[in-house]
Each structure stands twice: as structure tokens, then as C-alpha cells.
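J.: Make a model of this:
(2 chains)
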2 protein chains.
Amino acid sequence: MLESHELNTMFYPKSVALVGASPNPQGWGGTSFLLRLLNIGFPGTIYPIHPKATEVLGLKTYPNLQSIPEPVDLVIIAISAPGVPRILEDCVVAGLKNVHIFSSGFGETGEEEGKKLEQQILEIIKRGNLRVVGPNCMGLYVPASKLAAWGVKPAGSGHVAFLSQSGGHGEILTAYAQSMGVYFSKLISFGNACGLQVADFLEYLHQDPDTHIITMYLEGIKDGNRLTRLIKEINQTKPVIILKAGLTETGSRAVASHTGSLAGEGRIWDAFFKQTGAIRVNSLEEIIDVVLAFLYLKPTRGKRALVLGGGGGNSVAFADICGRQGLDIPPFSENTRKELNEFIRLAGNSTRNPLDVWMVQRDAKLYRRVMEIAMSDPSIDLAIVDRVVGGLDVFDDDERPEGDHDKGLNEVNDFLIDFAKENPFGKPLVVSANLYGNDLYCADNAAQLRRKFVTAGVPAYASFESAARAMVRFIHYHEFLSQF
Amino acid sequence: MLESHELNTMFYPKSVALVGASPNPQGWGGTSFLLRLLNIGFPGTIYPIHPKATEVLGLKTYPNLQSIPEPVDLVIIAISAPGVPRILEDCVVAGLKNVHIFSSGFGETGEEEGKKLEQQILEIIKRGNLRVVGPNCMGLYVPASKLAAWGVKPAGSGHVAFLSQSGGHGEILTAYAQSMGVYFSKLISFGNACGLQVADFLEYLHQDPDTHIITMYLEGIKDGNRLTRLIKEINQTKPVIILKAGLTETGSRAVASHTGSLAGEGRIWDAFFKQTGAIRVNSLEEIIDVVLAFLYLKPTRGKRALVLGGGGGNSVAFADICGRQGLDIPPFSENTRKELNEFIRLAGNSTRNPLDVWMVQRDAKLYRRVMEIAMSDPSIDLAIVDRVVGGLDVFDDDERPEGDHDKGLNEVNDFLIDFAKENPFGKPLVVSANLYGNDLYCADNAAQLRRKFVTAGVPAYASFESAARAMVRFIHYHEFLSQF
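T.: Below is the predicted model:
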């Protein structure tokens, strides 16, 4: 935790007031938040606010914020939009500074009433000097504080922060990342951003010792110059990974109806990424893909990849993907090929790069021999290996010795984890656990295989394309840094 | 089956000779093929050829092709490369025309010996007027004949043909497609293509009444002009879908070591696709994505999509994807919005396109009401709906009534299948069963959900991006046809 930062009480609240918790809840709202805080065991005091009820879920309620016996660290407002200004006025009167407005129905509706309400709350926020997250957002998610406004239970604390203009994206990303063993320091869903801005959160995260990597989902921002300066600076010590949405014509219209934001122009954002060196991604999955590289890999010396998969068609596909993504697949030295050809026959295999050697797929000893030869080639900077997924294997069961099949595959996977950790030539290794088209019979196997690698600290990807793309982003980041 | 075509006996053989079937098999080869034919119940006669053995897997063997008591319809050669020319000479002597050469170790090795062997077999093929598939390939896969040289059992006959320069791709594609309920008329893996060329197979498939859609994986071709003319013609009655590999520098090197082919230049292939109107795809998965559209959808009137998902962030992502792919997401008419706003509240929802209405996700009646209003809007040509996958749902179990959860989702899925089949406004509907990042907890659920839709005849995709891309390809094809 940061010493003496004004946002500390918000991220690590000792008490929370929930405006909108009700004994007869309908749909989302304060009662859901209350349930979630209780479920994950929020250790502080919770004050449900309700004009008439005396009790909600066993907790004593209070008729309004002024009647709470202590100044709470965080107020969560989850009532319908027209009531929000009055609650904010109560915050001002009661001297409560930290507020999360869950309620929607403001500028994002595009209707006059909503826009007027947004102007109203803007005025109160300014006058009362409030620190407001939202409105129209899911708010704060801080595993270390057991604070979560959304329905994915924090499975642990980690070093990745996520700033998101979409609450749904926050939920999806937490669920997905945690299933891959990636944990968060802080997530903030900030919606229309009428109070605290992206830059305010970033200034905090920049200094936050618990945050090593900063990821963001942005629709529109308000102070481009401030953000550019800030991200350029932060990015040099903490990689900043950004999914910027709404840069198509259709997308910018959707952004306007979602958070009432201006998505901005493509060329301006191109310049932003060029200037700041922030890592640009195109989907939520890609955020985690890139995070995995930063969490587990040392920088590479260059972008020349060793590729080892299986099947000639796959080798061609991998080579095309690398070509499109901007990774090189250099030819091996004469010496490397000579050493490989000593024990790999030419017919049906390829000892060129990409390596296509069926006999190693289930033979850890041979796999090690191949990797040690190929990785020591001076033309290689990193390796991407594609692993056959158990359930995908197309041979009939009666064509192979019983039991040996998965055993061999598993032994190679175990070897790869050891080899990646040994890092014997100072060259990173990542894995693609290719689903080959989300085949019905192996979808779970592929996910399990990825999890095996990732939880052992080896970046593993859902497709070869994801692996290659993440590596290119990772390499470009370090190239950018090396300019300074 | 085609009447009186010279390739008929090859696709529908009554007898097969297997050169290389051995009582002591090592790795792949003739014995594997034999096992596979027996496994799937090939109804014709099988003659294993072995110089010494008297019996393989209970079948009487013959020392050579000349000693077989009848002229077999198909010879499969699965011995090491140096022995292949002699077997081809035997075919010439015995008057056997149809040959599949599985063996590799020819031009694709890049070595002098292999190139010389390839020249030798080319000479024999020409002199003997042989019809040769290969070498260096998996050969023929014809479900109707119970003929399969690879290890994926045919699950049924269908109307899709696949011509592939990679055997591995043939295996992967059959396994994947069949799991999605897509069945094949004929698959041909042809490797180095020393004998029969792509164009020879295409001429057959053009006339083949069992083939309605033609798909291809190409590395390099030999007679570009013939192929261009032919595909331009075929594509007007049978959609031709092509994955062309090796158009990057790294990819073209991989193509050379795989099938010894020249991948060609990007601009030449650009011209080819422009001239022929063939549908260009970038991965195996995409082949099936596009096939699903052609199998199940009527042509659209245009490319203006109704999008219905869930979550503001997702709506923006969908809109950006459509923007990048070239689909429009038009605003609804005032009338449509008025009708929707009668029962959907603005806060937390969007009655703009993309529609974001949480309350319909588990309510089939409301979903129908929304779809009937939105699909009747004259600005809409098609719909893509994104379905929440059960296991992905991020809410805690204790926050919802037991059992109701999946029930509501399933009822909406059933409604969507009915609605798509009713096709009430003559506008196609497709589904994306979004995995949201291959989440460990829902990979199987997503695959099962796709299968539910697809086997009911509703195209369903592994991601919104796949859905949008397939629709664009489908629409462009019909735009191309409408020129004529």
C-alpha cells in the first residue's frame, strides 16, 4: 500500500456505505454488492442505507448517510439515476469524499434528462471536492482489501492492475485471468468518468508498489495531453497495455451509447501509441496474452524464433503467422542441421526451421536433444513450441499401445516446463496449446494444458497466432525502451 | 457418383492393394492404412503386398502387384522413397492406373537424392499414363466408399469437398468439421502433386453431383492459367473456398520444405482471387466457418447487421469488429427505437444497434419480442447474436434462483433456433457462442453450445469475430455473383 495517498482510503476502506441495499431487491443494485462483500468476507464495517428498512441481510440499516455513526471510507450508490444528486449532496454534508456511483442513466443514454443529471452531478462533485468513480460502472475490485463490486470472487492478490471503462470487461477479464493464474493488485471500472479520471488512477498506480503491470480498456478520454505525458513516463518502469475501443465508425457510435465518450480519431491514437511506447492490443484475451509474457519472461535479444510443432501444413501455417506478425524464422546454421540430421531422417520430417519432427512429440529425451541443439544455434533468440492437445490426436486408439500415448505427451510437457525454467541459453520459450478450431472433443483439454504451463510460469497461448503476437508485442516494448 | 469418369474407380474402388503392409510394422505405413480400412469397414477386397509375409492382420498377402488375381482399382504405396519407382514400374506392367503414393523423401527434402527420385517417378507416371495422387501425402478420403487413408473415421457423407496439399490439415479439418456436423463428399490430400493436379481433381468435383461446396488448402500450383479459368467457372455454381499458404517470406520457405512447391507472389494471388471470385480464408477454422454459412443460409440483401449481445463493453467490441470486417451496424429507425423503448428501460441498457438488453438474455418471450421488432426494421439485412455461455456466467451461484439460470439461457437458445428456421423476414441469423478467452471453466460449454446450434442448421461461431468475418465472405461471394 502507498503511504499517505488520498486514494488509499478508497482502495483499502475500513467501512463502506451501500445506498440502495434493500430487503426486497429487484435485479442488480446495492443488495448484490452487499451480498458480494459478505461472500468474499470484507473485513470492515458495512452500512446499508435504506429510507424505511431496519435490516438487510442481517445488517442494521441506516435511513441516510448522515445517520451513520462514523465517517465511512467509501460510499457505493446503487439507486436509480434521478436520486443520485441528492445522495451526493448528503456526501458533501456528511464530509464523505470517496464515492462509487454504480447507477446508470446519465449522459450515456443520449437523452436530455440523462445529460442534465450528469451536469448536475458534475457540479456537486466539483463543489464538494468529491473523489467519484463513475457513474455507470462497476467500481473497485481490490483483492487485498476483499473489496469487489462485481461477481467474480478474487482468488488471490497479484501485480497486475486493470483500468476499465467497461464493467463487463472487468468481470470477463478477472474470471479469465484468474483461471490462468494471473492475479490483480487493483481493478477499477470507471464508466462515464465524471469524477476521477484515468490519469488520476494512473498517478496512483505509478507509485503503487503492488502494481507492476498496468492494463487498460479505454473508450474515450478527456485530457489527452496529460495522459500521454503520464503514460510515456510510467511505461518506462511499468509496462502499460491498452485496449483502445471505438476507432471504427461503427465502434465510435457504440462508445457514445455505452459511456457517452468521444472515441477520438485513429491517427491521434496512432501518434499516442508511437509516442508513449504503450503496448496496443485488440482484445481482452490479448491483454492477458501479453501480461503472461511480462510476468514470466526475460527480455529477448531479438525476434528470430525457433518454431517446433508437428505436421508440414502446420509448419507452413506457423511460418505464415510469424511472417504476418513480424517474427523471423531464420534458417539454422549448417552445423545445427548436421547435428539434427544425425538422428532425424529426412523423409516425413523437416530439420529446417520450423522443425517438424513427429518422433519427438511423445519422447522427452529426444525432445530435449532437439531443443538443446536448435536453441544453441546463434541465429535463434526465442522459441515457440506448439503442443498437440491430447483429445485432438487423430489416430484411432487401437493404433497405439495403451496408456503410452498420454504418458509420452505429458513427459514432453513436463520437460518443456523444466527447460523453460532452466532457460539454458538465456532464450525465452513459450507454448501454444493449439485448439485446432475449438474442436468439441478437446476444448477442455486445451484449456487444461494451457493452465498446466501457465501456472508453472511458462506463457502458454490458445493459438500459435496468439503466441506469436504476444511475443512481438513483448519484443517491441523492449526495443522501444532501449532507445532511452 | 459421376457416370463414366476415369477417376471414378479411384474414388469408389472395389479393390485396393497396399504396398508396404507388414506383419511387423514400424510407425506409419501400409499397415496403418490397412488397419484404418478394416476399422471403417471398407467393403471391397484388400490385397496387402509384402515380399515375404504370407499374412498381415489376417489377410492373405501377395509378393508383388503382378501376382494379384484381379486388376485392383487403387494401389497405395507406403514404402520408403527409393523403392517407389520399382513399384510404379510394376503398376505399368500390371496395367494398374490409380495410385496413391504415401511415401515421402522426394523433392520436398531439398536434397539431390530426393529430387532425382522425383524426376524418376515423374517419368514413369508420364510413360505409364498413371493417375497418381502424391507423393508425400495422405491420399483419398471418401466416406461413401468407406475409403480413408487417415485416422479420422468418417462419421457420414456430406456435400463438402476438400483438396489439400497437407495431409495433417486433412486430418485436422475432418476431425473438426465432423464434430460440428459438417460432412464431406471427398477429401484429397495430394502433397507434391507429381501426377494428378489440383485442376484434374477440380474438373471431377465440378461435375460431381455429391459435391456442392469446394474447399482447398494450397501451397503451390503448377498451371496457374488453367486453374484460374477453371475456378472462375466452377465458383459460379459451387462456391470455392481457398486457404492459400506461403505468401509471406517465412511461409514460402516452409512451403518449399513441406511439398517442394513454389508458393508464388502475393500480387499474383490477389489477382487470382479478384478474377475468380473464389473465397479467400486465412485458417482451417475459417474454412468451416464459411462452409457453415453456405450450407445453411440464404443470401442476404446487404451487409447491414443487427447485433444483439450483452454488456456495453461487448457492444463496443462487436461494433469495432464489424467496422474492421466491413459489416455495417445501421442505426434503427425512429419507429423501431420507439417500440423497443416501450418495454426496455434506458438505464443500463441500449436500444441502439448493437442492442444491449440484459433482461432478454434468459427470457425467450422478451427475446422474441425484441427480435421481431428489430429484424423488421428495413435497415437490417442480417443478425448476429452473441450468446452467453453457461459456465462463463460471472455471477455467484447464490445470487440467483437455483435451476432458473440455465433454463432461461436454454429457452432463449431454443427460441433462436426456431426463429432462424422460420426466417420470418428473409434475413439470416447467425450466433456467436463466445468463449471470452478460452476460459478454463467454459471451453467445453462453448463448444457444446456451438454444436447445438450448428447441428440444428444455424451457423454458430467460436467468436464474434469469426461470425462477422464469415458473414462478410458469404456476402461478398453473392455480390461477386450478382455481377454476371
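
J.: Tell me the span between the first and last residue of stretch A:244-252.
T.: 11 Å (Cα to Cα, to the nearest Å).

J.: chain center to it, what's the gap?
T.: 20 Å (Cα atoms, centre = their mean, to the nearest Å).

J.: For that stretch, which residues meet the burial criterion?
T.: A:K244, A:A245, A:G246, A:L247, A:T248, A:T250, A:G251, A:S252 (16 or more other Cβ atoms under 10 Å in any protein chain shown). All C-beta atoms are positioned from the backbone trio N, CA, C, and that covers glycine.

J.: Between which two of those is the distance greatest?
T.: A:K244 and A:T250 (15.1 Å; Cβ to Cβ).

J.: show me what contacts the closest residue to A:G313 other than its chain neighbours?
T.: Leaving aside its sequence neighbours, A:G313 sits nearest to B:S166 (Cβ to Cβ, 6 or more residues apart in numbering or on different chains; 2.7 Å). Neighbouring residues of B:S166 by Cβ atoms under 8 Å, 6 or more residues apart in numbering or on different chains: A:G311, A:G312, A:G313, A:N314, A:V316, B:S189, B:Y217, B:E219, B:H258, B:T259.

J.: and the gap between B:S166 and A:V388?
T.: 16 Å (Cβ to Cβ, to the nearest Å).

J.: need the helices for the stretch 151-300 of chain A, in chain order.
T.: Per DSSP state H, counting those that start in this stretch, the stretch 151-300 of chain A carries helices over the ranges A:167-179, A:198-207, A:224-234, A:249-259, A:266-276, A:284-296.

J.: The fourth one relative to helix A:266-276, how many degrees between them?
T.: Counting by axes from the mean of the first three to the mean of the last three Cα atoms, to 10 degrees, helix A:249-259 lies at 80 degrees to helix A:266-276.

J.: Helix A:249-259 packs against which elements?
T.: When contacts are defined as 3 or more Cβ pairs under 8 Å, 6 or more residues apart in numbering or on different chains; DSSP states H and E, helix A:249-259 packs onto helix B:312-325.

J.: Going C-terminal from the helix it packs on, what's the next secondary structure element?
T.: As assigned by DSSP states H and E, the chain's next helix or strand after helix B:312-325 is helix B:334-341.

J.: so what are the domain limits for chain A?
T.: Following automatic domain parsing, chain A resolves into domains at A:8-133, A:139-295, A:298-481.

J.: ok, now which ones touch A:D289?
T.: A:V281, A:P459, A:Y461, A:S466, A:A467, A:R469, A:A470.

J.: Can you list the strands that the longest strand belonging to chain A pairs with?
T.: For chain A, the strand that runs over the most residues, judged by DSSP state E, is strand A:157-164. Looking at strand A:157-164 with DSSP bridges, its partner strands are strand A:184-189 (parallel), strand A:213-218 (parallel).

J.: before we move on, the earlier item: show me which of the contacts of B:S166 is closest to A:I124.
T.: A:N314 (60.1 Å).

J.: Surely the closest one and B:G168 touch.
T.: Yes - counting by Cβ atoms under 8 Å, B:G168 is a contact partner of A:N314 at 6.0 Å.

J.: and the strands paired with strand A:157-164, which is most packed in?
T.: Of those, the one with the most neighbours on average (mean count of other Cβ atoms under 10 Å in any protein chain shown) is strand A:184-189, at a mean of 27.

J.: what residues does the stretch 51-200 of chain A put near chain B?
T.: Residues of the stretch 51-200 of chain A lying close to chain B by Cβ under 8 Å from any Cβ of the partner chain are A:80-81, A:103-105, A:108-111, A:114, A:150-153, A:164-169, A:171-172, A:174-176, A:179-180.

J.: Quick check: ChimeraX command selecting the buried ones in the residues you listed.
T.: Applying 16+ other Cβ under 10 Å to these, the buried members can be selected in ChimeraX as follows:
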select /A:81,103,104,105,108,109,114,150,151,152,153,164,165,166,167,168,169,171,172,174,175,176,179,180
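
J.: Could you take the buried residues of stretch A:244-252 and lay them out as CSV, with extra columns for pLDDT?
T.: Shown next, in CSV, are the buried residues of stretch A:244-252 (pLDDT from 0 to 100):
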residue, pLDDT
A:K244, 95
A:A245, 93
A:G246, 91
A:L247, 89
A:T248, 88
A:T250, 87
A:G251, 87
A:S252, 88
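
J.: how near is the residue in the stretch 51-200 of chain A that chain B sits nearest to to A:A193?
T.: The stretch 51-200 of chain A approaches chain B most closely through A:S166 (2.7 Å), counting by Cβ to the nearest Cβ. The spacing between A:S166 and A:A193, counted by Cβ to Cβ, is 12 Å.

J.: Over to A:G44?
T.: Distance, A:G44 to A:A193, by Cβ to Cβ: 26 Å.

J.: residue boundaries of the strands in the stretch 351-484 of chain A?
T.: In order along the chain, the stretch 351-484 of chain A carries the following strands (DSSP state E, counting those that start in this stretch): A:355-356, A:382-386, A:429-432, A:460-461.

J.: what lines up beside the second one in the sheet?
T.: Okay, so that is strand A:382-386. strand A:305-309 (parallel), strand A:429-432 (parallel).
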